[in-house]
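Q: I would like the atomic coordinates for the input below:
(one chain, ligands or ions: 1)
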Amino acid sequence: MRVLNFNRVWPTLTVHREAGDFSMCCAERDLPRGPGYGARAVRYPGIVENYRRTFLWLRDEWATLGLRPPPAPFPVYVFDLTETGNGLPHMFWDGRNSNWACALPSGTDKTTKRDELQFLRALAAHEGTHCYCVQQSGFFRGETYLPEPWHWISEGTAVWMELRLLDRLDRLRSNDALSFSRDWCDYPEEPMLTRGQYQCGLFMRYLAKRWGETLIARLWTEGTWEDDPWVLIRRLTGRENLLSDYADEAYFVGDPGSACYSPHIAARFHSRALAESVLLDDASAELVVPGDLRDTGTNYYAVRAYGRTHLSIAFRSDNSMCIATASAADSKLRRIGGPAVLAPDYREIPVPEGSDHLVLSITVEPETWVRPAKRNFHILVK
Ligand SMILES: [Zn+2]
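A: Predicted coordinates:
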């Protein structure tokens, strides 16, 4: 998060704009005289105005949801981010202001202005959300960032806020810019606690849909540095098998009946990737499918057996928190039956008329925050 060579950049960002709980600094490119600053200066004023509108929106959203506003505006530095690091937008501790701050790009390589502005709004909503979360009273420790068990919740909250913004922009007939949704669809097995932290945004969206949006804010207003976020989420929702509920719903991303219904994600990325498709091609066939998965990852298996009204399925694992559910899906990936929780003994699962396949959602649900370990399992089908 350290900004290299920043002392060279910030004195040149002499144009200031207030934006709700944020205070922006940038450089203008098209001055009648004076230094041009190259790519550091913003290409056209609409970029800064676009950030300003996003920060005003963000202030209103977090105020409504119940997060504490900052004691002084968060500084925002807009420049060519490749000058100081890897080019990525980020939040950092700004020692000059003793406050959390954002570094945001002065431009992008998007091929239309509309795509650029929407992308930049998403960046501002994401980094700005980090600033709010880290300065809530249970978490604020000056320049020390959040403890590791909260990193995935922090990324999830930031992506969730991006998704809310994009939903709103879509109502204004804008394009979608679902930058983290491809990984969510293509790599469901990546643990949300570590490599799949951005995927947690869709998990947050699921929580918000089922328990209300204020639940996301309560994670930050009721949680503290010492809390285990899993324990807090379970307390706030009253659910034990939260992740397996979510994993099953998340398969039906294009189904209006699902708590994870996201038509834009379904239209762009289709569905969450399958680990394996299993075909039982005669009535007496019996299959054993071995697999493994890390904590908070999800695998999906499609089981097809045309002409059968029931399948018998058993699920065995070396870990009691490795949970499997079965739901019946039609060819358009809408749910037409289930979910049923699978058990070590064979269980009869109905295959309803019109069913194209049974989808098995396997997930490992840790009881507390852990470094994701690999758990083995077997699916037995006959
Ligand atoms: Zn982030």
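
Q: okay, Glu365 and the ion: tell me how far apart.
A: Going from Glu365 to the ion by Cβ to the ion, to the nearest Å gives 24 Å. Heads up, the C-betas are built off the backbone N, CA and C, glycines and all.

Q: could you do Leu120 as well?
A: Taken as Cβ to the ion, the span from Leu120 to the ion is 15 Å.

Q: go on, Ser355?
A: Taken as Cβ to the ion, the span from Ser355 to the ion is 40 Å.

Q: didn't that residue look like it was pressed against Gly338?
A: No: Ser355 lies out of contact with Gly338 (Cβ atoms under 8 Å); the separation is 9.9 Å.

Q: just the element for the residue of the stretch 201-350 of the chain found nearest the ion, please.
A: Of all residues in the stretch 201-350 of the chain, Gly201 sits closest to the ion, at 9.7 Å by Cβ to the ion. Taking DSSP states H and E as the definition, Gly201 sits inside helix 200-211.

Q: and that helix, what other elements does it pack with?
A: helix 151-171, helix 181-186, helix 214-222, helix 229-237, helix 242-251 (3 or more Cβ pairs under 8 Å, 6 or more residues apart in numbering; DSSP states H and E).

Q: off-centre distance for that helix?
A: Centroid separation for helix 200-211 versus its chain: 9 Å, with Cα atoms, centre = their mean, to the nearest Å.

Q: list the buried residues in it.
A: Residues of helix 200-211 classed as buried: Cys200, Gly201, Leu202, Phe203, Met204, Arg205, Tyr206, Leu207, Ala208, Arg210, Trp211 (neighbour count, 16 or more other Cβ atoms under 10 Å).

Q: re the thing from before, contacts only, for the residue of the stretch 201-350 of the chain closest to the ion.
A: Glu155, Gly156, Thr157, Ala158, Val159, Trp160, Glu162, Leu163, Phe180, Trp184 (Cβ atoms under 8 Å, 6 or more residues apart in numbering).

Q: look at it and report its pLDDT.
A: Confidence at Gly201, expressed as pLDDT, is 95.

Q: next one: the one 4 residues further on
A: The predicted local distance difference test score for Arg205 is 95.

Q: cool, and Leu166?
A: Looking at Leu166, its pLDDT is 82.

Q: same check on the one 3 residues further on?
A: At Leu169 the predicted local confidence, pLDDT, stands at 74.

Q: so where's the stretch 151-300 of the chain shaky on pLDDT?
A: Residues of the stretch 151-300 of the chain meeting the criterion pLDDT under 70: 170-178.

Q: spell out which parts of it neighbour the ion.
A: Glu155, Ala158 (Cβ under 5 Å from the ion).

Q: list the contacts for Gly297?
A: Contact analysis of Gly297 by Cβ under 8 Å, 6+ apart lists Pro188, Glu189, Glu190, Pro191, Met192, Gly196, Thr363, Val364, Pro372.

Q: contacting residues for the fourth one?
A: When contacts are counted by Cβ under 8 Å, 6+ apart, Pro191 touches Arg294, Asp295, Thr296, Gly297, Pro372.

Q: let's have those residues in a markdown table, adding secondary structure.
A: As requested, those are arranged in a markdown table below (DSSP: H, G, I helix; E, B strand; the rest coil):
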| residue | secondary structure |
| --- | --- |
| Arg294 | strand |
| Asp295 | coil |
| Thr296 | coil |
| Gly297 | coil |
| Pro372 | coil |
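
Q: quick one: contacts for the residue nearest to the residue of the stretch 201-350 of the chain closest to the ion when sequence neighbours are not counted?
A: Residue nearest to Gly201 in three dimensions, not counting chain neighbours: Val159, with 2.5 Å by Cβ to Cβ, 6 or more residues apart in numbering. Listed by Cβ under 8 Å, 6+ apart, the contact set of Val159 reads His126, Phe180, Tyr198, Cys200, Gly201, Leu202, Met204.

Q: wait, the second one sits on Gln197?
A: Meaning Phe180. No: assessed by Cβ under 8 Å, Phe180 is found out of contact with Gln197, at 9.5 Å.

Q: hang on, the earlier thing: pick the most deeply packed of the helices and strands packed on helix 200-211.
A: helix 242-251 (a mean of 25; mean count of other Cβ atoms under 10 Å).

Q: show me what that one packs onto, helices and strands only.
A: helix 200-211, strand 298-304, strand 322-329, strand 335-341, strand 357-364.

Q: JSON lines for these, including distance to Tyr51?
A: Shown next, in JSON lines, are the helices and strands packed on helix 242-251 (distance: least, Cβ to Cβ, whole Å):
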{"stretch": "helix 200-211", "distance to Tyr51": "21"}
{"stretch": "strand 298-304", "distance to Tyr51": "35"}
{"stretch": "strand 322-329", "distance to Tyr51": "42"}
{"stretch": "strand 335-341", "distance to Tyr51": "40"}
{"stretch": "strand 357-364", "distance to Tyr51": "38"}
